[in-house]
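Enquirer: This is the structure alone, sequence omitted:
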């Protein structure tokens, strides 16, 4: 069961940025970096992908899903992202992005996905199941997704779920 969490805004935590009109136009709408990260369950012949999106400015994870490297899994992530009103997507150019993102909103290039690639390094460093050469691996997809999902919820969202 999903529970809504109500957080009150503290005025001391509000940042005010003064910028020129052209900067304001660039800031309108949320920009997001999207990428998928490979790992495996039981054996390398059984790949499992973490698809996730982060805010391009802050680097905070917006949403994530687990599955194969298939369009259907990306579409699950895209559906979760609809709530954010994202106006610009930055990706590495994987085919699913090309097929399902509006070309006007989609930009391909490594220069715009540095934060999400850095996030991959942090996740691989802290979660041994994501290291490519390891003796620590998940035996079931459910356990794989639970361990990584719990880590993301705890350290990215600050939730103990």
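Expert: Looks like it arrived, so ask away. All figures in this text were calculated on a predicted structure; none of them were measured in a lab. Residues are numbered from 1 along each chain as shown.
Enquirer: Now the phi/psi pair for the nearest residue to residue 109 once chain neighbours are set aside, please.
Expert: Nearest non-adjacent residue to residue 109, counting by C-beta to C-beta, 6 or more residues apart in numbering: residue 90, 7.2 Å away. Quick note: C-beta positions are derived from backbone N, CA and C, even for glycine. Main-chain torsions, residue 90, degrees, to the nearest 10: phi -120, psi 130.
Enquirer: do residue 56 as well
Expert: phi -60, psi -30.
Enquirer: The one 3 residues further on now?
Expert: Per-residue torsions, residue 59: phi 80, psi 0 (degrees, to the nearest 10).
Enquirer: Quickly note the distance from it to residue 149.
Expert: Shown here: residue 59 relative to residue 149, a distance of 19 Å by C-beta to C-beta, to the nearest Å.
Enquirer: so how many other residues sit close to the nearest residue to residue 61 once chain neighbours are set aside?
Expert: Residue nearest to residue 61 in three dimensions, not counting chain neighbours: residue 156, with 4.5 Å by C-beta to C-beta, 6+ apart. Counted by other C-beta atoms under 10 Å, the residues lying close to residue 156 total 17.
Enquirer: Now residue 156. Its backbone dihedrals?
Expert: Backbone dihedrals for residue 156, given as degrees, to the nearest 10, come out at phi -100, psi -40.
Enquirer: State the pLDDT value of it.
Expert: According to the prediction, residue 156 has pLDDT 79.
Enquirer: same check, this time on the one 5 residues further on
Expert: The pLDDT attached to residue 161 in the predicted structure is 53.
Enquirer: The residue nearest to residue 61 and residue 60 touch, don't they?
Expert: Yes: between residue 156 and residue 60 there is a contact under C-beta atoms under 8 Å: 6.6 Å.
Enquirer: Fine, thanks again, bye for now.
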